[in-house]
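Engineer: Here is the input, now give the coordinates:
(chains A and B)
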Amino acid sequence: MLRFLLAVIRRDLLLAARRKGDWLTSQFFFVMVVSMFPLGIGPEPNVLRMVAPGVVWVAALLASLLSLARLFAEDYRDGSLEQMLLSPNPPVLLALGKALAHWLIYGVPLLLIAPVLGIQFALPADAIGILMLSLLVGTPILSLLGSVGAALTLGLRGGGVLLTLLILPLYVPALIFGAGAVDSALSGLGWQAHLSLLAAFLMLTLLVAPWVASAALRVSIE
Amino acid sequence: MSDAPFLSVHDLACARGERILFTDMAFGLRPGQLLLVQGGNGRGKTSLLRLLCGLAHPLHGEVRWRGVGIADAREQYHREMAYIGHVNGLKDELTPLENLRLAASLADRDLEATEATDSLTRLGLARCLDLPARVLSFGQRRRVTLAGLITAGALLWILDEPLTGLDIHGVALVEDILRAHVTAGGMVVMTTHQPLSLVGVETLPLQVGDPLLPLEP
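Structural biologist: The predicted structure follows:
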């Protein structure tokens, strides 16, 4: 079981390493979107500091959506998704493995670039720390929920737009608590409550999303 | 018990959208037999094969493996069955060797590089071992998939048009492979529009859809 999970993750990491263009597009998108805001809003540090958590978080949501459309689509097209579903292992592990691999490939880099972007927004060091922490807890949620949307819209025409409409509302709790934690840290209030709720939301999605995604995959492939 | 069919289909009906493709289908397949599914385009051959491997669900009826419904016997069934569909299931970025080993690791199997290389060489791909699958021709990709089928070591092969894109030598090679598999006690369910010479293989023909009826739109 664990062996299958690791095999799925290793497979996607290997494929991402062979196809760096796709991978870089999503990261550059994130950096570009976030960097547009200081240019548009102006160099007033107080204003920038105020919008920073929301801007970074919204950009992270959009960047994850950009890569999610491809999560199952290519495996579906070339037939390897069918083959993986025909493995003796439960499809729920396939869905979990794909979501975890997506997080490692697209989520973790966002987390690592975030401090640099935080400096652009004149965020103090401790707020940058909380921003990274909130992204650490929050980005797996994006991958897990996104895997459900990607599985549901698999093989549909215009699936990308539908995916966005379907998944963005589900991202709202992650956005509120994630950006809220950084906001609270900036205004000197406790950020722990927001992060605890974010972590609780992560646990919930971790439990539910792979089951829903695997059920959706079986329907989509039929 | 020893004479009971391994793969059996009971009262199977399949619909695609609104259209009923076939009903009341029943057959059994024993080790050492090859089931040749026949029927014109759009009659439901591919749908039948997808039902047999569990990728689709029947409108009515059941597919059983060793007497147990394939949904209940899923793990064992998937361990003993290999499926080749219209698409090859290869990743373009990986070499044939990597593709084979990756497929094996996803199916909980260990596949030594030498064994994979032997199988690819047997399919005439000795010169393509280090090339990414992206640069291979259609027929060559088909051969990589077939090499994967051999290394999978499954008892039941479900093959949807395995000869598409193969040249004369490739077809002869597949005939040899099928004969060896069935003679060794394996089972095959396959569709093809090409003539196959399977001398010495116990072949059961199966007609899908009523050939006399015109296709409804």
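Engineer: Just list the residues touching the residue in chain B positioned nearest to chain A, thanks.
Structural biologist: Residue nearest to chain A within chain B (CB to the nearest CB): B:V87, separated by 3.2 Å. Any C-beta I mention is one placed from the backbone N, CA and C, and that applies to glycine too. Listed by CB atoms under 8 Å, 6 or more residues apart in numbering or on different chains, the contact set of B:V87 reads A:R77, A:D78, A:G79, A:E82.
Engineer: Please identify the member of these with the greatest number of neighbours.
Structural biologist: The member of the contacts of B:V87 surrounded by the most neighbours (other CB atoms under 10 Å in any protein chain shown) is A:E82, with 20 neighbours in all.
Engineer: Next up, the contacts around the residue of chain A found nearest chain B.
Structural biologist: Residue nearest to chain B within chain A: A:G79 (3.2 Å; CB to the nearest CB). A:G79 makes contact with B:G85, B:H86, B:V87, B:N88, B:G89, B:L90, according to CB under 8 Å, 6+ apart.
Engineer: List the ones among these that fall in helices.
Structural biologist: With helices defined by DSSP state H, no entry of the contacts of A:G79 lies inside them.
Engineer: I'd like to know which of the residues you listed are buried.
Structural biologist: With burial judged by 16 or more other CB atoms under 10 Å in any protein chain shown, the buried subset of the contacts of A:G79 is B:G85, B:V87, B:N88, B:G89, B:L90.
Engineer: Isn't the third one up against B:L146?
Structural biologist: No. The pair B:N88 and B:L146 does not pass the contact test of CB atoms under 8 Å, sitting 9.4 Å apart.
Engineer: from memory B:L125 sits against B:N99, does it?
Structural biologist: No. With contact defined as CB under 8 Å, B:L125 does not count as touching B:N99 (11.0 Å).
Engineer: Need the overlap of contacts for these two.
Structural biologist: Shared contacts of B:L125 and B:N99 (CB under 8 Å, 6+ apart): B:V144.
Engineer: Quick check on the two: which one has the bigger neighbour count.
Structural biologist: B:N99 (26 against 21).
Engineer: need the contact list for that one.
Structural biologist: Applying CB under 8 Å, 6+ apart, the residues near B:N99 are B:L90, B:K91, B:A133, B:V144, B:G148.
Engineer: repeat for B:L29
Structural biologist: By CB under 8 Å, 6+ apart, B:L29 lies in contact with B:P5, B:F6, B:L7, B:S8, B:L35, B:L156, B:M187, B:V189, B:L204.
Engineer: can you confirm A:F201 is in a helix?
Structural biologist: Yes. Per DSSP: H, G, I helix; E, B strand; the rest coil, A:F201 lies within a helix segment.
Engineer: Find the nearest non-adjacent residue to it, please.
Structural biologist: A:P173 (5.3 Å; CB to CB, 6 or more residues apart in numbering or on different chains).
Engineer: and the spatially closest residue to A:G107 that is not a sequence neighbour, what element?
Structural biologist: Setting aside the residues directly before and after it, A:G107 is nearest to A:T139 in space (CB to CB, 6+ apart), at 3.5 Å. For A:T139, the host element (DSSP states H and E) is helix A:125-152.
Engineer: For that helix, give the mean pLDDT please.
Structural biologist: For helix A:125-152, the mean pLDDT works out to 94.
Engineer: What residues of it count as buried?
Structural biologist: For helix A:125-152, burial by neighbour count (16+ other CB under 10 Å) applies to A:127-152.
Engineer: coming back round to it: would you format the contacts of B:N99 as a markdown table with distance to A:F121 and pLDDT included?
Structural biologist: A markdown table is the format used below for those (distance: CB to CB, whole Å; pLDDT from 0 to 100):
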| residue | distance to A:F121 | pLDDT |
| --- | --- | --- |
| B:L90 | 45 | 92 |
| B:K91 | 40 | 92 |
| B:A133 | 45 | 91 |
| B:V144 | 50 | 93 |
| B:G148 | 51 | 92 |
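Engineer: re the thing from before, can you tell me which of the contacts of B:L29 are buried?
Structural biologist: Of the contacts of B:L29, these count as buried by 16+ other CB under 10 Å: B:P5, B:F6, B:L7, B:S8, B:L35, B:L156, B:M187, B:V189.
Engineer: Now do the SS call for the fourth one.
Structural biologist: Here B:S8 is recorded as strand under three-state DSSP.
Engineer: number of nearby residues for the closest residue to it other than its chain neighbours?
Structural biologist: Counting by CB to CB, 6+ apart, B:S8 lies nearest to B:G28, which is 4.4 Å off, once chain neighbours are set aside. Using other CB under 10 Å, B:G28 has 16 other residues around it.
Engineer: Identify the residues contacting residue 47.
Structural biologist: Reading this off chain A. A:V47 touches A:I41, counting by CB under 8 Å, 6+ apart.
Engineer: that's the wrong chain, I wanted chain B
Structural biologist: B:C14, B:R16, B:L21, B:A56.
Engineer: which ones are touching A:A216?
Structural biologist: Contacts of A:A216 were listed using CB under 8 Å, 6+ apart, and they are A:V148, A:A151, A:L152, A:L154.
Engineer: now the last one, nearest residue through space, not along the chain?
Structural biologist: Closest residue to A:L154 in three dimensions, ignoring its sequence neighbours and counting by CB to CB, 6+ apart: A:S220, at 3.9 Å.
Engineer: part of a helix, is the one you found?
Structural biologist: Yes. Counting by three-state DSSP, A:S220 is located in a helix.
Engineer: Residue numbers of chain B in contact with chain A?
Structural biologist: B:50, B:53-57, B:74-76, B:78-79, B:81, B:83, B:85-94, B:98, B:102-103, B:105-108 (CB under 8 Å from any CB of the partner chain).
Engineer: Can you select the buried ones from the residues you listed in ChimeraX?
Structural biologist: Selection of buried members from these for ChimeraX, criterion 16+ other CB under 10 Å:
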select /B:50,53,54,55,56,74,78,79,81,83,85,87,88,89,90,91,92,93,94,98,102,103,105,106,107,108
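Engineer: tell me which parts of chain A are close to chain B?
Structural biologist: So chain A meets chain B at A:3-4, A:7-8, A:10-11, A:14-15, A:18-19, A:77-80, A:82-89, A:221-222 (CB under 8 Å from any CB).
Engineer: which of the residues you listed count as buried?
Structural biologist: Listed as buried from these are A:4, A:7-8, A:11, A:14-15, A:78-80, A:82-89, A:221; burial here means 16+ other CB under 10 Å.
Engineer: For chain B, which segments count as helices?
Structural biologist: Using DSSP H, the helices found in chain B span residues B:45-53, B:74-80, B:96-106, B:113-122, B:138-152, B:168-183.
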